[in-house]
Structure formats: structure tokens, C-alpha cells
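Colleague: Dropping the sequence and predicted coords here.
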Amino acid sequence: MKKKILLIISLCLIALGLAACGETDPTTMSYNGYSYDQLKSTCEGTVTSLLEMPDEQKQPYVVMKDMSDAERNNYIKSVALSASEQDIAGILQQANMIMRWDEAVAQAGEYVEMGEFTITKSGKTLECKQEIKFTDRPVILSYVYKYHNMELEDIGVEAVQTLGEKMTNAALNTLMGMGIVFIVLILISLIIYGFKVFPYLEAKKKAESSAPAAAPANPVKAGFVFEGWYMDEAFQKAYDFKAPVTGNMTLYAKWAEEVKTLKKGEETVVGKLAIKVLDPDKRTVAISKGMTKNAKKVTLPGKIKVNNIEYTVIGVANKAFRNNKKITQITIPASVKSVGTQAFAGCKNLKKVILKGKTFKPGKSSFKGTSSKLKISAKKMSGSQRKALQKAIRGKGKNKKAKVTR
């Protein structure tokens with residue numbers, strides 16, 4: 001009997017020994033190319049940075065605390081104009097971490113020391129947790145990675161609840177559960193009672209309803225178009241004149257500013273330029289007359305507003321700037337693909353033309369009589385395009401010494 005007991009004890013000890021040998025030391029493992037010390041150093045470095053970060057450095061992130069996701073994106077784009085979508089995602093992640101850190105340490109007391117560091121692999125994720133000890137309660141900083149590529153998925157910061165707080169929360173949850181059950185029972189009772197009351201209320205409503213009100217004639221207001229009667233000042237709920245009237249009410253007239261559109265071929269003056277409508281449906285116009293007689297450098301607009309309607313400038317009409325002796329430089333927007341006959345003819349002091357677009361077609365004699373030193377800058381065109389344009393300007397455009405450069 002004693003031999004059997006000794007044998008059983010020996011087998012148990014061997015099993016425990018094998019189990020102990022089977023455990024792998026996490027500090028010596030490789031985590032998809034990263035060592036234990038590298039991952040720990042990342043967490044400790046983050047904690048050190050957060051502890052030493054001054055308030056003025058946190059301020060650009062803290063201001064986003066009460067913003068929605070869309071507002072945060074717009075705010076980042078306004079202060080970091082060249083930021084890519086990936087940069088914005090990184091800034092948002094950093095902002096969330098700083099805000100979570102401030103909330104957690106606000107109730108943790110004074111910093112004491114770094115605590116335990118653990119690594120847990122669960123499914124497709126790897127989570128690193130660094131405990132930070134404070135006088136009142138510890139705080140946990142966690143890094144969550146996608147294990148297959150070790151891409152950072154989330155950074156979490158939370159203060160650990162005390163035993164008293166956990167018990168208080170449990171008690172509150174119990175009370176809330178009991179309250180919800182009580183409210184549900186009351187609602188069920190009201191619903192059952194409602195089945196008896198609703199038919200009576202419906203019959204009473206039908207008895208009190210009267211004929212609908214007749215719609216009045218549409219009001220008239222100079223410069224505006226009437227868009228209907230509404231029941232609220234925000235014009236969210238239109239009034240239905242078929243509905244029965246059961247009492248006094250106030251209706252609000254909705255107005256929209258009357259928009260006057262230009263007709264095809266119609267000309268008008270906008271600032272120091274005269275324009276001509278080419279296509280009212282597509283809202284395209286051409287510069288028909290340059291009225292900037294004293295300006296030496298002229299920049300043509302790509303868009304022009306007339307009567308609150310925006311038009312796109314796609315051309316310069318025939319003789320628009322002809323014989324303007326003051327102009328030395330003109331900038332043509334990318335929307336303008338061509339200029340008309342003699343558009344700049346006789347502008348003898350015109351020495352530089354800046355083209356913003358990738359294509360440009362000169363009109364017949366459009367540069368005749370301009371400076372012999374005329375240079376046309378076309379940075380967005382290819383070498384072959386610039387060569388073809390130079391040939392066209394020297395030929396059709398009638399300036400045999402014009403040069404097209406970048």
C-alpha cells in the first residue's frame with residue numbers, strides 16, 4: 001500500500017515538473033519581431049513623456065475634448081494644413097491618449113513609480129499593459145497592437161478602481177436594475193389601461209375636429225419668392241391646409257431671395273472686368289473687356305459672382321485687352337483654355353504671361369504687337385506641350401520671338 005502511495009506522489013511531482021518546464025519566460029519571447037524589452041520601453045517612454053509634458057504642450061490636444069469627430073478633423077486640418085489622412089489619424093490617437101491620461105491621473109494622486117509590465121496575446125491582437133503607481137490609486141497604460149503586422153490599434157489609459165468604489169458601483173447597478181424592473185411594470189400597467197382610454201380619446205378628437213382652414217392668397221414681397229406657410233420660425237414643419245383646425249395658431253411665411261440669372265450673350269461689368277455669358281446653364285463666361293487701364297499686373301479670376309450666382313471664366317474674348325499699353329504681366333487661370341482673336345494685340349509692354357493650366361490655345365493674332373521679350377510661363381505643361389504652344393504663339397499668335405518656359 002505504501003509503495004502505491006509513493007508511486008502516485010512521484011507521478012504528481014513529475015507532472016508538476018513537466019508543466020513548469022513547459023512555461024515560456026515572456027521576457028525572452030519574440031513578439032512578431034519585437035522583444036519584451038522593446039515593448040516595455042515603448043510603454044515606459046510614453047509614461048515618462050506624459051508625466052513630463054507641460055500644460056501648454058497639452059493645450060492643442062485638450063481643446064478637442066468636447067468636440068465631435070468631424071469638428072476634431074476640421075480643427076486639425078485648420079492648424080496642420082499639410083497633414084495627410086494618416087497624420088490626422090495619428091494626431092487624433094495622441095489627443096485621445098492625452099485626454100484619457102489627464103482624466104485618469106486627476107484622481108490618482110502623486111506619482112510614485114513604475115509598476116508591473118505584462119504582455120497578453122489574445123487572438124489577432126497583442127496587448128501590453130504598464131502599471132503606474134500613484135499615491136491614491138494605480139493607473140494602467142495599455143497598448144493594443146494588430147499582431148500580424150504590429151500596427152498600433154489603440155492606446156488606453158484608465159485609473160484602477162478601489163475596492164470601495166467597486167462595491168459602490170455594484171450596489172448602484174443593483175438599484176438601477178430594480179428601478180428599471182419597477183418602471184417596466186408601471187409602463188405595462190399604463191399600456192393595459194391605455195387600451196381602454198384610447199378609443200374614448202379618439203372618438204372625442206373626431207367630435208371636436210372642424211373643417212380645415214382655407215389657404216390665403218400667396219403674399220408678395222419685392223426681391224423675394226414666397227415658398228409657403230410654416231408652423232415654426234425655423235421653417236422645419238410646413239403647414240397642411242387640409243388638416244382640421246382645433247384652435248388658434250400662428251403661421252410663418254417663408255421667403256427666398258429672388259435670383260436673377262443672366263442670359264446667353266448678355267454682358268455685365270464686375271469690378272474692373274466686363275464679362276459675357278457663354279452658357280447660362282453651365283454658368284460659363286468669358287472676359288469681354290479689360291477695364292484695368294492703369295494696372296500693370298493683371299490677374300484674371302477663375303470664378304466670378306453675379307447676383308449671388310457663381311460663374312466659371314473659361315475664355316478671353318476677341319480684342320478684350322487690345323492696345324492696352326500699361327499691362328506688363330497677366331496671369332491666366334487654369335479654367336481659361338483659350339483666348340480670342342487679338343485678345344492681347346497691341347499690348348506693347350506685355351512681357352510676361354503666367355498660365356496656371358495644363359492646356360492653352362492662342363487665338364489668331366492674339367499676341368501680335370506685344371513685347372519682343374514676351375515670356376510665357378507654363379509650369380503645369382509638359383515639355384512637348386510647351387514646345388507646341390511656343391510654335392502656335394509665334395505662328396498663329398503673331399509674336400515671332402515669344403518664348404514658352406516653365
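Modeller: Noted; the coordinates are in hand. Numbering: from 1, shown residues only.
Colleague: now the longest strand that the chain contains: mean pLDDT?
Modeller: When the chain is parsed with DSSP state E, its longest strand is strand 111-122. Strand 111-122 shows a mean pLDDT of 93 in the predicted model.
Colleague: Could you pull out the buried residues of the helix or strand that that strand is followed by?
Modeller: Going down the chain from strand 111-122, the next helix or strand is strand 125-134, by DSSP states H and E. For strand 125-134, the neighbour count (16 or more other C-beta atoms under 10 Å) marks 126-132, 134 as buried. (Each C-beta comes from the backbone N, C-alpha and C, glycine too.)
Colleague: quick one, helices of the stretch 1-150 of the chain?
Modeller: With DSSP state H, counting those that start in this stretch as the criterion, the stretch 1-150 of the chain has helices at 2-22, 36-52, 55-62, 69-79, 85-105.
Colleague: So for residue 341, which of those helices sits nearest?
Modeller: Set against residue 341 and scored by C-beta to C-beta, the helices of the stretch 1-150 of the chain come closest in helix 69-79, at 44.8 Å.
Colleague: on that earlier part again, point out the most buried one among the helices of the stretch 1-150 of the chain.
Modeller: Most buried of those, by mean neighbour count (mean count of other C-beta atoms under 10 Å): helix 85-105, with a mean of 16.
Colleague: Outside of that helix itself, which residues are in contact with it?
Modeller: If you take C-beta atoms under 8 Å, 6 or more residues apart in numbering as the criterion, helix 85-105 is touched by 46, 50, 53, 58, 61-62, 64-65, 72-73, 76-77, 80, 83, 111, 134, 139, 141, 152, 154-159.
Colleague: and the angle for that helix with helix 69-79?
Modeller: Counting by axes from the mean of the first three to the mean of the last three C-alpha atoms, to 10 degrees, helix 85-105 lies at 110 degrees to helix 69-79.
Colleague: which of the helices of the stretch 1-150 of the chain has the lowest average pLDDT?
Modeller: Lowest mean pLDDT within those: helix 2-22, at a mean of 55.
Colleague: just to revisit the earlier point, mind checking the helices of the stretch 1-150 of the chain for the one nearest to residue 236?
Modeller: Among these, the nearest to residue 236 by C-beta to C-beta is helix 69-79 (21.9 Å).
Colleague: would you put the C-alpha positions of the closest one in CSV?
Modeller: Once non-C-alpha atoms are left out, helix 69-79 reads as follows in CSV (Å, rounded to 0.1, in the frame of the first residue of the first chain):
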residue,chain,number,x,y,z
ASP,A,69,-15.2,63.6,-34.5
ALA,A,70,-16.0,65.9,-37.5
GLU,A,71,-15.1,69.0,-35.5
ARG,A,72,-11.8,67.5,-34.4
ASN,A,73,-10.9,66.6,-38.1
ASN,A,74,-11.7,70.1,-39.2
TYR,A,75,-9.7,71.6,-36.3
ILE,A,76,-6.6,69.6,-37.1
LYS,A,77,-6.9,70.5,-40.8
SER,A,78,-7.0,74.2,-39.9
VAL,A,79,-3.9,74.1,-37.7
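Colleague: For it, which helices and strands make contact with it?
Modeller: Contact analysis of helix 69-79 by 3 or more C-beta pairs under 8 Å, 6 or more residues apart in numbering; DSSP states H and E lists helix 85-105 as its packing neighbours.
Colleague: mind checking which of the helices of the stretch 1-150 of the chain is nearest residue 227?
Modeller: Taking the helices of the stretch 1-150 of the chain one by one with C-beta to C-beta, helix 69-79 is closest: 29.2 Å.
Colleague: Show residues contacting that closest one.
Modeller: Against helix 69-79 from outside (C-beta under 8 Å, 6+ apart): 60, 63-64, 67, 83, 88, 91-92, 95.
Colleague: Local confidence estimate at the closest residue in space to residue 121 that isn't next to it in sequence?
Modeller: Counting by C-beta to C-beta, 6 or more residues apart in numbering, residue 121 lies nearest to residue 147, which is 6.5 Å off, once chain neighbours are set aside. pLDDT for residue 147: 92.
Colleague: And residue 147, how far from residue 96?
Modeller: Distance, residue 147 to residue 96, using C-beta to C-beta, to the nearest Å: 22 Å.
Colleague: Which residue is the nearest non-sequential neighbour of residue 116?
Modeller: residue 131 is the one closest to residue 116 (C-beta to C-beta, 6+ apart), at 4.8 Å.
Colleague: Just list whatever residues bridge to that neighbour.
Modeller: Beta bridges link residue 131 to residue 140, judged by DSSP bridges.
Colleague: quick revisit: sheet-wise, list the partners of the longest strand of the chain with their directions.
Modeller: Short version: by DSSP bridges, strand 111-122 pairs with strand 125-134 (antiparallel).
Colleague: any idea how far the strand it pairs with is from the chain center?
Modeller: 33 Å (C-alpha atoms, centre = their mean, to the nearest Å).
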